[in-house]
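Asker: my questions concern the predicted model and sequence given below.
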Amino acid sequence: MRDNQENGILMLEDGTSFDGKLIGRTEPISGEVVFNTGMVGYPETLTDPSYRGQILALTYPLIGNYGVPQAQMVDGLNDVFESDQVHIQGLVMTDYSFEYSHWNAQQSLDKWLQEHGVIGIYGVDTRKLTKKLRQRGSMLGKIFMTGQEQEFYDPNRDNLVEFVSVKEPLMYGNGKKTVVLIDCGGKFNIIRSLVGRGLQVKRVPWDYDFLHEDFDGVMISNGPGDPQMCEATIGIVRRLLQGNRPVFGICLGHQILSLAAGAETYKMKFGHRSQNQPCRELGTDRCYITSQNHGFAVKPNGLTSDWMPWFVNANDGSNEGIRHQSKPFMSVQFHPEAAPGPTDTSYLFDRFIDML
Ligand SMILES: NC(=O)CC[C@H](N)C(=O)O
């Protein structure tokens, strides 16, 4: 910890405030405060578009010690991050390491945050903060310097997907089979996982009507915000479900597929953000350890009898996946592409490919 950094304050909507020191771009911001209990992977986590609008508190107590990696372009994508931007509104840390060391480190986390215009605050007891968020639920918050306080901002009132989705269709890979990826703010590792398995991927905007085009299957990506904001995508998926081509949804994609299939979604008290969420596969005695980042969840009750719940969270019993009884449609709330996190469920990509 260094003391010559500028002082900052993290304030929650219930009035609780935490003093700390600032790194990154020291401009005041506001957003929804959420916590992630993962122990590694801040370069991947901070570039996950699903964190758009959120102030992210990491419970692992020392952040920045391995710096930020040097990226290279491979098949049209950088090879180390989950998008081309840092998407969080702000980062909250117990301690920040000004010394970093890693064979592939290119720069410090501080400098990277500055480059992307993102504020960080360290010296905050993130475990105390997390206990508060677990008791009261996710809250709005703001980070500022004395005298620069601004209004609270609730990102869930905006359609965040519109900001993070690709603007025009893009192609990746050159396989014989083509998967349309509905990009609601998808992580690059979803594209890498498909291209790496020999598929061509057509990444399209969240509201792009591709149904008249040639394709073999559809992947619906993860993404930020409230799934009910994605009306255009839900409408396209509803029409897609009248056909027989395979559909696979991940996280927001799971919520969108479920809404299109008649289920409801709700906001969870504090969500699941970690790399060790246990998910039981119903009808089997298997339990997978999964990587997750979501604040909304699916209530499977409204699903018609053609559908069945597939996975449930072993900690809180919430829904973690659904699948169709006879057609090749499936989705999971967790991240089989991991990045960061365990790859135990990456076999689901193979299963999707077998269906094509
Ligand atoms: N990672 C995701 O796709 C998150 C989905 C959705 N924005 C949620 O918070 O539940």
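Answerer: Good, I have the coordinates. Residues are numbered from 1 along each chain as shown.

Asker: and for the closest residue to residue 127 other than its chain neighbours, the neighbour number?
Answerer: Leaving out its chain neighbours, the residue that sits closest to residue 127 by Cβ to Cβ, 6 or more residues apart in numbering is residue 59, at 5.8 Å. To be clear about C-beta, it is placed using only N, CA and C from the backbone, and glycine gets the same treatment. When neighbours are counted by other Cβ atoms under 10 Å, residue 59 registers 18.

Asker: same deal with residue 9?
Answerer: Neighbourhood size, residue 9 [other Cβ under 10 Å]: 19.

Asker: and what of the one 10 residues further on?
Answerer: Close neighbours of residue 19, defined as other Cβ under 10 Å, add up to 12.

Asker: in the sheet, who's paired with it?
Answerer: Taking DSSP bridges as the rule, residue 19 bridges to residue 9.

Asker: do you know how far it is from the ligand?
Answerer: The gap separating residue 19 from the ligand is 29 Å, by Cβ to the nearest ligand atom, to the nearest Å.

Asker: going forward, count from 28.
Answerer: All right, first residue 28 from here; so that's residue 46.

Asker: ok, that residue - contacts?
Answerer: Residues in contact with residue 46 (Cβ atoms under 8 Å, 6 or more residues apart in numbering) are 34, 35, 36, 150, 151.

Asker: can you put the residues you listed in CSV and add distance to residue 320 and pLDDT?
Answerer: What follows is the contacts of residue 46, written out as CSV (distance: Cβ to Cβ, whole Å; pLDDT from 0 to 100):
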residue, distance to residue 320, pLDDT
34, 30, 96
35, 25, 97
36, 26, 98
150, 25, 97
151, 20, 98
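
Asker: farthest pair in the residues you listed?
Answerer: 34 and 151 (12.1 Å; Cβ to Cβ).

Asker: residues shared between the contacts of these two?
Answerer: 46, 47.

Asker: and residue 286, helix, strand or coil?
Answerer: helix (DSSP: H, G, I helix; E, B strand; the rest coil).

Asker: for it, give its distance to residue 258.
Answerer: Using Cβ to Cβ, to the nearest Å, residue 286 is found at 9 Å from residue 258.

Asker: looking at those two, which one has more neighbours?
Answerer: The neighbour comparison of residue 286 against residue 258 (other Cβ under 10 Å) goes to residue 286, with 21 against 13.

Asker: how about the residues of the stretch 178-327 of the chain near the ligand?
Answerer: 249, 250, 251, 252, 278, 279, 320, 321, 322, 323 (Cβ under 6 Å from any ligand atom).

Asker: neighbour-wise, which of these leads?
Answerer: residue 279 (34 neighbours).

Asker: hang on, the earlier thing: show me what contacts the residue nearest to residue 154?
Answerer: Contact analysis of residue 86 by Cβ under 8 Å, 6+ apart lists 62, 63, 64, 121, 153, 154, 157.

Asker: cool, residue 209 as well?
Answerer: Taking Cβ under 8 Å, 6+ apart, one finds 231, 233, 235, 245, 246, 247, 248, 260, 263, 264, 280 in contact with residue 209.

Asker: again, but for residue 306
Answerer: 314-317, 338-341, 347-348, 359, 361, 372 are the contacts of residue 306 under Cβ under 8 Å, 6+ apart.

Asker: show me where the protein has its helices.
Answerer: In the chain, helices defined by DSSP state H lie at 69-73, 136-142, 153-163, 188-191, 215-222, 258-267, 279-287, 374-382, listed in chain order.

Asker: I'd like the residues of the stretch 178-327 of the chain next to the ligand as CSV, with pLDDT appended.
Answerer: Formatted as CSV, these follow (pLDDT from 0 to 100):
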residue, pLDDT
249, 98
250, 98
251, 98
252, 98
278, 98
279, 98
320, 98
321, 98
322, 98
323, 98
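
Asker: pipe those into a markdown table and attach distance to residue 56 per row.
Answerer: Shown next, in a markdown table, are these (distance: Cβ to Cβ, whole Å):
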| residue | distance to residue 56 |
| --- | --- |
| 249 | 23 |
| 250 | 21 |
| 251 | 15 |
| 252 | 17 |
| 278 | 24 |
| 279 | 23 |
| 320 | 20 |
| 321 | 22 |
| 322 | 18 |
| 323 | 22 |
